[in-house]
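1. Sequence and computational prediction follow.
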Amino acid sequence: MHELAIGRALLDQVVVVAAQRRARAVTGITLQIGPLSGIEPALLRAAYEQLRIDTVAEHARLVITSMPVRIRCDACGTESNAAANRLVCARCGSAHTILLGGDEMLIESVDLIFG
Amino acid sequence: MAVPVKVMHGLLAENDRIARHNREHFDRHGVVAINLMSSPGAGKTALLEASIEALRGELDVAVIVGDLETDNDARRIRARGVPALQITTGAACHLDAAMIHDALHHTPLEGLDILFIENVGNLVCPASFDLGQHRNAVLLSVTEGDDKPAKYPVMFRAADAMLVTKTDLLPCMEDFSEQRASAALRQLGNAAPVLPLSARRGGGMDAWLDWLRAAKRERRA
């Protein structure tokens, strides 16, 4: 359950962003999470519910945007969507592919209240 | 009225910062850091014991061991005359860069060639945390099933080498196929070498030791 550690890292960063901007509260946090990040969104959400208590983000809604796994084939240049455990080219079957997306674990944005 | 503010920071930005710092520290000392990951009981400690014996007099190694409880593994390593530092993680399922950073205060790198980091036995959590290592070696023992790369794609995608361990048990493991295990790794778009070996019986160790020597050479270059 490494989502607890990741949730803590998330809130640490959100608290810093809020302090830097002199915000009074955080009302929303939007994340980008890809299946190849190793983060299970439901577990991260459960950890977040516990961790946000008594922070500036106590009432912030957590929005998790699931990102698709995208690959580009080195052999034929085709770009395609893929399953997390099948990263071969959808067109020619080559295993020489580059991951374009799907391993994201990003804080995209926060909604801040000032004054 | 809430004001949306774009952030676009990695969730593990702080971990990654410390990991970069660790890597710089290794680089300054010419040490190659190898992160060993696997499920519990895949044979990480036995592999280390055999590697230490095989490299004795050739390369100087030290080990950082992560476990939830006990320092059994670190004691096994120390019995081979090699420095081993135990990190007892308690309930934590993985090592992170800060734990390695703290351990480095107690692990002199002078004169060292290879630092092995024996990660917590777990095919899920350790894959998400950069420790500052140069290479990931992921072990898959033949008793675990050849479909593990398909079941744990995040871990096996990160492998710079996949070690198929306990091959001496293959005669008893009719349903394990090394070809299927390799194919499952290739399905992840991972071209890393597959190194079958038996740390107990010795077969296949040379390819693994050569892989370590090459990793060490590349760091020095």
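-> Ah, there it is.

2. three-state assignment of the residue nearest the centre of chain B?
-> In chain B, the centroid-proximal residue (CA atoms, centre = their mean) is residue B:36; its distance is 1.2 Å. Classification of residue B:36 using DSSP: H, G, I helix; E, B strand; the rest coil returns strand.

3. which ones are touching it?
-> B:44, B:47, B:48, B:116, B:117, B:118, B:119, B:137, B:139 (CB atoms under 8 Å, 6 or more residues apart in numbering or on different chains). Where C-beta positions appear, they are placed from N, C-alpha and C, glycine not excepted.

4. how about 7 Å then?
-> The contact partners of residue B:36, by CB atoms under 7 Å, 6 or more residues apart in numbering or on different chains, come to B:44, B:116, B:117, B:118, B:119, B:137, B:139.

5. the helices in chain A, which residues?
-> A:3-20, A:41-51 (DSSP state H).

6. Quick one: name the residues of chain A near chain B.
-> A:1-2, A:5-6, A:9-10, A:12-13, A:17, A:21, A:27-28, A:36-39, A:71, A:84-88, A:95-97, A:105-114 (CB under 7 Å from any CB of the partner chain).

7. Could you rerun that using 8 Å?
-> With CB under 8 Å from any CB of the partner chain as the criterion, chain A meets chain B at residues A:1-2, A:5-6, A:9-10, A:12-13, A:17, A:21, A:27-28, A:31, A:36-39, A:71, A:84-88, A:95-99, A:105-114.

8. Find the residue ranges of chain B scoring beneath the pLDDT cut-off.
-> B:220-221 (pLDDT under 70).

9. ah, wrong one, I meant chain A
-> Ranges of chain A meeting pLDDT under 70: none found.

10. if we can go back for a sec, just send the contacts of residue B:36 back as JSON lines, with distance to chain A, neighbour count and secondary structure too.
-> Shown next, in JSON lines, are those (distance: CB to the nearest CB, whole Å; neighbours: other CB atoms under 10 Å in any protein chain shown; DSSP: H, G, I helix; E, B strand; the rest coil):
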{"residue": "B:44", "distance to chain A": "19", "neighbour count": "26", "secondary structure": "helix"}
{"residue": "B:116", "distance to chain A": "22", "neighbour count": "26", "secondary structure": "strand"}
{"residue": "B:117", "distance to chain A": "16", "neighbour count": "24", "secondary structure": "strand"}
{"residue": "B:118", "distance to chain A": "18", "neighbour count": "26", "secondary structure": "strand"}
{"residue": "B:119", "distance to chain A": "12", "neighbour count": "27", "secondary structure": "coil"}
{"residue": "B:137", "distance to chain A": "18", "neighbour count": "24", "secondary structure": "strand"}
{"residue": "B:139", "distance to chain A": "18", "neighbour count": "27", "secondary structure": "strand"}
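
11. That concludes my questions; thank you for your assistance.
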